[in-house]
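Q: sharing a model prediction with you, sequence too.
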Amino acid sequence: MERCFGTGDELYERYHDEEWGRPPEDTVDESPLFERIALEGFQSGLSWLTVLRKRAAFRAAFDQFNPQIVAGYGDRDVERLMADSGIIRNRAKIHAAISNAKVLCEMHERGERLWDVLVEHAPPPREARPKTLDDVPGSTPESIALSRHLKKLGFK
């Protein structure tokens, strides 16, 4: 298989081949979506491979990204996470993850789902997957609209 990224690192190859650009298998449990949003936040300014290598530690530290649990995190949890050398220790990113869990829980209380927001902003089907990283646009009209919608909902 030709890859547009990840070739040469087993973890990165597996991510490219099995996850990148694919929806989670379970669209009812939104923990996987919350995980992806949280990890994207932690990745900001860093290599995605760095995050992938720390993903198991993130899952343990953030209670498997259960949004109901993370939404209840307080100052003690923030300090616990800041002391966890297995994750990316950035106070602003930790607070953003907690805040996003709260927003997701508020959405659920209103009967809304993050999955529906993502589907609403999905680009039209493409005939072929990008062949190289250069073929992947940095943004699309759909991604810009999604970003605005998520910000309006309160996501950070």
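A: Yes, it's here.
Q: could I get the contacting residues of Arg148?
A: Going by C-beta atoms under 8 Å, 6 or more residues apart in numbering, Arg148 touches no other residue. From N, CA and C alone the C-beta is placed, and that goes for glycine too.
Q: check the gap between it and Phe155 for me.
A: Counting by C-beta to C-beta, to the nearest Å, the separation of Arg148 from Phe155 is 11 Å.
Q: and for Glu25?
A: 23 Å.
Q: again, but for Ile94
A: For Ile94, the distance to Phe155 - C-beta to C-beta - is 15 Å.
Q: on that earlier part again, Glu25 and Phe155: who's more crowded?
A: A count of neighbours by other C-beta atoms under 10 Å puts Phe155 above the other of Glu25 and Phe155, at 18 against 7.
Q: ok, the more buried one - contacts?
A: Applying C-beta under 8 Å, 6+ apart, the residues contacting Phe155 are 37, 99-100, 103.
Q: report the buried residues of stretch 130-147.
A: Buried residues in stretch 130-147, counted by 16 or more other C-beta atoms under 10 Å: Leu146.
Q: check which helices and strands the longest helix along the chain sits against.
A: Secondary structure of the chain per DSSP state H: the longest helix is helix 91-109. The contact analysis (3 or more C-beta pairs under 8 Å, 6 or more residues apart in numbering; DSSP states H and E) places helix 91-109 against helix 31-43, helix 67-71, helix 75-82.
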